[in-house]
Each structure stands twice: as structure tokens, then as C-alpha cells.
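*Asks:* structure of the sequence below:
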Amino acid sequence: ENCLKHRVSFHPESPERLRYLIQDVVPNLARDLGFKVIQPPRLPSREELELVHSTKYVDGIYEIWDQISRGADSIFLDADTQAVEGTEETVMHAAGTTLQAVEDVIENKALRAFVMVRPPGHHAEPETAMGFCFLNNIMLGL
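*Replies:* Residues are numbered from 1 along each chain as shown. Predicted coordinates:
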């Protein structure tokens, strides 16, 4: 649910995609396949972000979120990647959920994990946002 707060008006990567899975698909799959759905409160540390992204980029991300919290309507990082109110919480929970899922598997708390978050994060590069992705959740999980 934390990953539903980032909403931009111009892009198909929207909360409705994830909301549909959460409300209509996952309950039946969880029942039929016997898996547990969790929403960990885990957030990534700055140090964890800097294992994947440059310090300069992470500084820039935090500055953008600060500008949004001080009243900026939106800030574009590239043609597809827009920060708005709710973006920081969504992006940080997505990264934290990814990290928690990997930790749970490594620590044998879970046999496997499937992470449904948004923005997905697979396009972000070490020095730049790209394709509606702010942080590279895939690389954070490795």
C-alpha cells in the first residue's frame, strides 16, 4: 500500500496497476498457493543506496524530495521520471521491501520471495533516473 502514493498523470506506470494485483489477483493466489503477503516497514539506509548509486545521485534524490516537501508541485528527472508528493515514501518503501525480501530468503525466513512494488526501479542507473525509475531495486537486492 505504501507503493501506491506516487501518482503522475502522464504515464502508464500508475498505482492502478499495483492496486489491481493487490486487490484482485494476490488474494486468490495466496489462498490457492498458500503463500503469505507481507508489507515490511523496512526502508533502505543511505549507505545501502550508495552501494548501487553514486553519492552525487543520492544527494540529488534527497534534494528533490526536500524540494517536494517544501511545496514544489513536481520535478522531472528525465522525460519519464517525475517526482511529486508521495514519491519519496513510495520509492523508499519499494527499495526497502526489495532489501527485506532478499534478507528474508538469505536468513531462511522465507524459501522464496516475489516483490510487487512501484516504481519498479529496473531502469535507474548509478548516476541517473530513467524510465520512471528512481532507484534500481534489482541491483539493491543483489
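
*Asks:* please make it C-alpha for all contacts and neighbour counts, starting now.
*Replies:* Fine.

*Asks:* excluding chain neighbours, what is closest to Gln100?
*Replies:* Arg42 (6.5 Å; CA to CA, 6 or more residues apart in numbering).

*Asks:* ah, wrong one, I meant Phe134
*Replies:* Going by CA to CA, 6+ apart, Phe134 has Ala124 as its nearest residue, at 5.7 Å.

*Asks:* and that neighbour, how far from Gly60?
*Replies:* Separation of Ala124 from Gly60 (CA to CA, to the nearest Å): 14 Å.

*Asks:* just Thr81 next, same as before
*Replies:* Taken as CA to CA, the span from Thr81 to Gly60 is 14 Å.

*Asks:* who has more neighbours, these two?
*Replies:* Thr81 (19 against 15; other CA atoms under 10 Å).

*Asks:* who are the neighbours in contact with the more buried one?
*Replies:* If you count contacts by CA atoms under 8 Å, 6 or more residues apart in numbering, Thr81 has them with Ala129, Met130, Gly131, Phe132, Cys133, Phe134.

*Asks:* could the residues you listed go into JSON lines alongside pLDDT, distance to Ala94 and neighbour count?
*Replies:* Output for the contacts of Thr81, formatted as JSON lines (pLDDT from 0 to 100; distance: CA to CA, whole Å; neighbours: other CA atoms under 10 Å):
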{"residue": "Ala129", "pLDDT": "95", "distance to Ala94": "15", "neighbour count": "24"}
{"residue": "Met130", "pLDDT": "92", "distance to Ala94": "16", "neighbour count": "20"}
{"residue": "Gly131", "pLDDT": "85", "distance to Ala94": "16", "neighbour count": "19"}
{"residue": "Phe132", "pLDDT": "85", "distance to Ala94": "13", "neighbour count": "25"}
{"residue": "Cys133", "pLDDT": "91", "distance to Ala94": "11", "neighbour count": "24"}
{"residue": "Phe134", "pLDDT": "94", "distance to Ala94": "10", "neighbour count": "28"}
